[in-house]
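> I'd like to go over a predicted model; first the sequence, then the structure.
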Amino acid sequence: MLMKDILGMTKTELRELAVSMGESAFRGEQLYGWMMKGREIADMKNLPASFKEKLAENAEYRLPSILEKYVSAKDGTVKYLMELTDGECVECVLMKYDHGTTLCVSSQAGCRMGCSFCASTLRGKTRDLTASEILGQVLVAARDSGDRVDGVVMMGIGEPFDNYDNTVKFLRLVSAEGGPGIGLRHISVSTCGLVDGIKRLAGEGLPVTLSISLHAYNDDVRSSLMPINRKWCIAELMDACRYYFDTTGRRISFEYTLIAGENDSAEGAEALGRLLRKEMGDRPCHVNLILLNPVKETGLTAPGRQNSEKFCRVLEKCGINATIRRRLGGDIDASCGQLRLRRLDDGKGDNM
Ligand code: SAH
């Protein structure tokens, strides 16, 4: 018999499961409550032994385990390397802002999108994460830190829309009533530009913020940095963004990683401003400028502070809302994907 992934079940499904195991539906609710606290079955004190035994026989419930943990001395950011049941590992990062605590989660082990500046994609994708593995990161980080997680960003390792069904299932689980309690309006899903995924998400009735990893002001630059642009060019991407906003009413946020000599010129900023004005019209949008986290394998570097500020000012002159994102966890090697890569280099799972 197939083991049931109970962490991927809704409260209603768990009530039914309990009944199918000869217990009262209420036991299913208690089980749900414990899992949402990230607790192991052995610790679920008020569950009868009979139910726990049946769960041990028929259910699969393994939360990710923390392999490594780094705490930034500067700003309290915590970076976790978490191991999944089959030994694969992913990263997630807990960031503390004035307005609350946000967790950045991974959606895949590795990534196959091939962006030239990103550490997560250097070894390709190993596999998709299940919805419960994505949720597990939230539960374990919350339990470990003792913090309430107020928001989630899907900006860790992986491309959420390359794992569409599990991403949407995760969004429903993490925002479920009586669950981890994270409002959809406090969730951002980031994509390198899978146009079919953007359009599908618009129809799911999930009012999350869409973040587009744009990183370029024209197709030549974008195609040289991001292979996905050869499948869907900027005009097609912008068409999907308009559709997303017009359908959901949710503001779009554009991520723009500044890379010295590649996409950071003042003329580039002007071209970006013109592009967004023309394509987005008067729809609200925001550009998050990010200084490249250097990844040694790529040889790319970040521009200096002055250049970045100039880029930001030029965009604002074009009437585009822009901010330079504060760099959290700078002292704990925050560039996404680096921890996992280092672990692969230690020999574990290194078969390339
Ligand atoms: N695949 C999704 C989710 C990853 S989000 C996406 O592409 O949006 C991670 C964000 O960090 C993306 O905007 C990504 O382009 C950006 N990024 C990747 N490598 C980076 C680096 N070395 N420095 C700064 N930003 C980086």
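Ah, there it is. Numbers count the residues shown, from 1 in each chain.
> Which phi and psi values does the residue sitting nearest the centre point of the chain adopt?
Relative to the mean C-alpha position of the chain, the nearest C-alpha, by Cα atoms, centre = their mean, is the one of residue 154, at 1.5 Å. Phi and psi for residue 154, reported as degrees, to the nearest 10, are phi -90, psi 80.
> Right, and the ligand sits closest to which residue of the stretch 1-150 of the chain?
As assessed by Cβ to the nearest ligand atom, the ligand sits closest to residue 118 within the stretch 1-150 of the chain, at 3.5 Å. (Glycine included, C-beta is placed from N, CA and C.)
> Relative to residue 293, how far out is that residue?
To residue 293, residue 118 is 9 Å away according to Cβ to Cβ, to the nearest Å.
> do the same with residue 23
As judged by Cβ to Cβ, residue 23 and residue 293 stand 49 Å apart.
> ditto for residue 77
When residue 77 is compared with residue 293 (using Cβ to Cβ), they lie 13 Å apart.
> got it, and residue 50?
Residue 50 is 51 Å from residue 293, where distance means Cβ to Cβ.
> When those two are compared, which one has more neighbours?
Legend: neighbour count by other Cβ atoms under 10 Å for residue 50 and residue 293, higher for residue 293 (19 against 12).
> and the gap between that one and residue 93?
Residue 293 sits at a distance of 12 Å from residue 93 (criterion: Cβ to Cβ).
> Kindly report the same for residue 288.
Counting by Cβ to Cβ - residue 288 and residue 93 are separated by 16 Å.
> on that earlier part again, was I right about the residue of the stretch 1-150 of the chain closest to the ligand contacting residue 295?
Yes: under the criterion of Cβ atoms under 8 Å, residue 118 makes contact with residue 295 at 7.1 Å.
> list residues touching both of these two?
By the contact definition Cβ atoms under 8 Å, 6 or more residues apart in numbering, residue 118 and residue 295 are jointly contacted by residue 337.
> Comparing the two, which residue is more hemmed in?
Using other Cβ under 10 Å, the more surrounded residue of residue 118 and residue 295 is residue 118, with 23 against 19.
> Give me the spatial nearest neighbour of the more buried one, chain neighbours excluded.
Once flanking residues are discounted, residue 118 sits nearest to residue 337: 6.5 Å by Cβ to Cβ, 6 or more residues apart in numbering.
> Can you report how many residues neighbour that neighbour?
Per other Cβ under 10 Å, the neighbour tally for residue 337 reads 23.
> which other residues reach stretch 60-70?
With contact meaning Cβ under 8 Å, 6+ apart, stretch 60-70 is reached by 3-7, 35, 38, 40-41, 55, 78-85, 89-90, 133, 136-137, 139-140, 144, 329, 332-333, 339, 343.
> and these, which are buried?
4, 6-7, 35, 38, 41, 55, 78-84, 89-90, 133, 136-137, 139-140, 329, 332, 339, 343 (16 or more other Cβ atoms under 10 Å).
> ok, back up a step: now list whatever residues contact both of residue 118 and residue 293.
Common neighbours of residue 118 and residue 293 (criterion: Cβ under 8 Å, 6+ apart): residue 336.
> Specify the local secondary structure of the residue nearest to residue 269 when sequence neighbours are not counted.
Nearest residue to residue 269, sequence neighbours excluded (Cβ to Cβ, 6+ apart): residue 314, at 3.7 Å. Following DSSP: H, G, I helix; E, B strand; the rest coil, residue 314 is assigned to helix.
> Neighbours of residue 314, how many?
Residue 314 is flanked by 20 other residues according to other Cβ under 10 Å.
> Likewise for residue 178?
Using other Cβ under 10 Å, residue 178 is surrounded by 11 other residues.
> List the buried residues in stretch 257-271.
Going by neighbour count (16+ other Cβ under 10 Å), the buried part of stretch 257-271 is 257, 258, 259, 260, 262, 263, 264, 265, 268, 269, 270, 271.
> now, which of the residues you listed lie within strands?
Of these, the ones assigned to strands by DSSP state E are 257, 258.
> Throw the buried residues of stretch 257-271 into TSV and include distance to residue 129 and pLDDT, thanks.
Listed next are the buried residues of stretch 257-271 as TSV, based on distance: Cβ to Cβ, whole Å; pLDDT from 0 to 100:
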residue	distance to residue 129	pLDDT
257	24	96
258	29	97
259	28	97
260	33	97
262	30	97
263	30	98
264	33	97
265	37	97
268	35	98
269	36	98
270	40	98
271	36	98
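> Among the buried residues of stretch 257-271, which ones lie close to the ligand?
Among these, the residues that sit close to the ligand (Cβ under 6 Å from any ligand atom) are residue 257.
> picking up where we left off before, just list the residues touching the residue nearest to residue 118, thanks.
Residue 337 touches 91, 111, 118, 119, 120, 121, 122, 157, 295, counting by Cβ under 8 Å, 6+ apart.
> now do residue 233
Residue 233 touches 219, 222, counting by Cβ under 8 Å, 6+ apart.
> More neighbours: which of residue 288 and residue 93?
A count of neighbours by other Cβ under 10 Å puts residue 93 above the other of residue 288 and residue 93, at 26 against 17.
> Measure how far the helix or strand encompassing residue 311 is from the centre of its chain, please.
Element membership for residue 311 (DSSP states H and E) is helix 305-317. The chain centre lies 27 Å from the centre of helix 305-317; the measure is Cα atoms, centre = their mean, to the nearest Å.
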